[in-house]
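> Fold the following and give me the result.
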Amino acid sequence: MASVNPTLSFTIMVYLLTIKLSSSNYLLWRSQVLQLLQCQNLLGYIEGSLAEPFATIVFGDSVSTNPKLAEWKQIDQLVLSLLLSTLTEEAMSSVVGLPTSRAVWSRLENTFSHRSKSRELRLKDDLQTMKKNDKSVLEFSRDIKAICDQLAAMGRLVDDLHKLH
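Numbering: from 1, shown residues only. Prediction:
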């Protein structure tokens, strides 16, 4: 198992994760969590590349407890606690009882990622159908920028041609 040694304390990591997952902000939430876990060398726990080690090790005829298992479980539970601390009640209800950070991450992806796609489509539609009506140019421009910023936060940049009305 690769050496995993988070450089920030759990308390500091919790404070760095400011967005709580809800049905409308999955991509923003995902982005902040991935960034933090990546810089702390913890991403493999949720992606599955740091899978749970076998409980025992066999050396010839002898079988012994794998010392890496306890360390893996401790760090995985830290990552699990970190994930759970960033969930709203709505999101928490879909992962109650799941035993590992990988299981929680997978469930959250399955539950919330499709909602983000529908939100993206809704924002793109709002941008296409937006009308100035009786708004000032400044208000109208702010509305367009707000939608473009939300799409950009989802990783969906809007080209200049689509910003023109």
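> any low-confidence regions in the chain?
1-6, 153, 164-165 (pLDDT under 70).
> Might you report the residue contacts of the spatially most central residue of the chain?
Nearest residue to the geometric centre of the chain (Cα atoms, centre = their mean): residue 30, 2.1 Å. Contact partners of residue 30, counting by Cβ atoms under 8 Å, 6 or more residues apart in numbering, are absent. Using the backbone N, CA and C atoms, a C-beta is placed for each residue, glycine as well.
> Does it fall in a helix, a strand, or a coil region?
Put simply, residue 30 is helix when judged by DSSP: H, G, I helix; E, B strand; the rest coil.
> In the protein, where's the longest helix?
When the chain is parsed with DSSP state H, its longest helix is helix 101-129.
> Please tell me how far the residue nearest to the centre of the chain sits from residue 151.
Residue 30 sits at a distance of 15 Å from residue 151 (criterion: Cβ to Cβ, to the nearest Å).
> Also residue 33?
Relative to residue 151, and taking Cβ to Cβ, residue 33 is found at 20 Å.
> Neighbour count for the two, which is higher?
Neighbour tally, residue 33 and residue 151, criterion other Cβ atoms under 10 Å: the higher count belongs to residue 33, 23 against 20.
> before we move on, what SS does that one have?
Applying three-state DSSP: residue 33 is helix.
> Let me see the contact set for it.
Applying Cβ under 8 Å, 6+ apart, the residues near residue 33 are 17, 83, 86.
> number of nearby residues for the first one?
What that stands for is residue 17. For residue 17, the neighbour count with other Cβ under 10 Å is 18.
> Check whether it really touches residue 35, as I assumed.
No - counting by Cβ atoms under 8 Å, residue 17 does not reach residue 35; the two are 9.6 Å apart.
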